[in-house]
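In: Based on what follows, work out the 3D shape:
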Amino acid sequence: MRATDLQTLIDWLMDGARSARTPMALLSQTCERLVDAGLPLWRVGAFVQTLHPDAFGRSFVWRPSAEVVVGTIDFDMPESPEFTRNPLAILYSSGHEVRYRLDDPESRRFPFFDEMRAEGVTDYIALPLVFTDGTIHASSWTTKASDGFTDEQLEALRKIVAPFARLGEIFAWRRTAVTLLDTYVGNRAGERILAGEIRRGHAETMQAAIWLSDLRGFTALSDRLAPEIVVDILNQYFDCQVPAIRKHGGEILKFMGDGLLAVFPIAKDGGNLGEVCGRVLDAAREARVNVDAMHYPSEEAIERFRFGVALHIGGILFGNIGGSSRLDFTCIGPAVNLAARLEKIASRLHRTVVASAAFAGVGASGWTDLGEFPIAGFSKAQRVYGLADETPLQG
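Out: You can find the predicted model right below:
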């Protein structure tokens, strides 16, 4: 292996690997540079734990002349036989490198190596990727060379893993920041926060379709059931709505107890108004079916659930609101207030889905006029519409 090429690679990594803009590119370009320097790599993997509500970590696997394959590792993986019988389990438990020649009888105790031998792999080394906070992640390197890795080649791999880990950590923290912002404040808000809009008062006016819903009988439910059960019910209840809202282009802004506030942005020229309202209505119908099918066994009986959602269109102010160093990215405005009032009317009328005249007027078919109602805080009564295919439920 050429020492000058190895040093060039190390310098490239230490300088930030500027040509690699993604973790996939970082792995691919690192492996390609090692191969060009004379190191006969076959399958190379990088495995990084993540801070994500739905995933334990991610895997990246490189092979020559192929795209890097990215996989998700779920939370059950660390306890699974697939992992506990993998050589990486030794690395994670010890924090030290793991080396096996695949002609060594000892390697037969790992089913993973059976797959590697079938591909013609002769040698394997797993090297820890130690992040600055002390957490241990992993990399694995294999070759199909008949004599396996030479001592010089192994030393080269050991030299590059430290700068490689530094860059892997940077990519991991960037992804963590995006994931957590998306999870806790929403995609649109998260993008704006990462773009630097973090000062109090930063806000924009936008037109949006507004979704405001809540769970019927939540106060009585909370009084009857243990708090842990109520939390579980709420999570299942929100699962009936959130995927439908996101699938149809909405963004979740707030969970307020059993309440949910979401917006579906409308183009400034209003050219997509009808299309947006159609998607909102599709999401409402889908959520209605999901909640209707939801049930929860309790000591007393099988709990069934109902909810209500109010739909409206209007201008909102979307941005940073709060005090000093504690801010919230949210939306305010009369349109939001009206949606909240309409949701209360939906409860009084035993309706699941109601809409303002502004929303129902975009696609008049499918709605029925429920009458005019005085709205607290508004000078004029508001006409309210319900879905024509919906029969009001009593009680």
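In: in this structure, which spans are helices?
Out: For the chain, the helices defined by DSSP state H occupy 3-14, 23-36, 81-84, 87-94, 111-118, 151-185, 187-194, 218-224, 227-239, 242-247, 273-293, 334-348, 357-360.
In: By mean pLDDT, show me the worst of those.
Out: Of all those, helix 187-194 carries the lowest average pLDDT, namely a mean of 65.
In: Was I right to think L127 contacts K159?
Out: No - judged on Cβ atoms under 8 Å, L127 makes no contact with K159 at a distance of 10.4 Å. Yep, even glycine has a C-beta here, placed from its N, CA and C like the rest.
In: before we move on, the earlier item: Serialize the helices of the chain to a markdown table and add fields for distance to R306 and mean neighbour count.
Out: Shown next, in a markdown table, are those (distance: least, Cβ to Cβ, whole Å; neighbours: other Cβ atoms under 10 Å):
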| stretch | distance to R306 | mean neighbour count |
| --- | --- | --- |
| helix 3-14 | 58 | 15 |
| helix 23-36 | 45 | 18 |
| helix 81-84 | 42 | 12 |
| helix 87-94 | 47 | 16 |
| helix 111-118 | 50 | 14 |
| helix 151-185 | 28 | 17 |
| helix 187-194 | 29 | 18 |
| helix 218-224 | 10 | 13 |
| helix 227-239 | 10 | 14 |
| helix 242-247 | 16 | 17 |
| helix 273-293 | 7 | 19 |
| helix 334-348 | 10 | 20 |
| helix 357-360 | 21 | 20 |
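In: Output these in a markdown table; the columns should cover distance to D389.
Out: Converted to a markdown table, these look like this (distance: least, Cβ to Cβ, whole Å):
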| stretch | distance to D389 |
| --- | --- |
| helix 3-14 | 61 |
| helix 23-36 | 47 |
| helix 81-84 | 48 |
| helix 87-94 | 54 |
| helix 111-118 | 54 |
| helix 151-185 | 34 |
| helix 187-194 | 32 |
| helix 218-224 | 26 |
| helix 227-239 | 23 |
| helix 242-247 | 17 |
| helix 273-293 | 9 |
| helix 334-348 | 15 |
| helix 357-360 | 14 |
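In: what's the closest non-adjacent residue to L387?
Out: Setting aside the residues directly before and after it, L387 is nearest to V353 in space (Cβ to Cβ, 6 or more residues apart in numbering), at 5.0 Å.
In: Quick check, the one you found in contact with L311.
Out: Yes - taking contacts as Cβ under 8 Å, V353 lies within contact range of L311: 7.0 Å.
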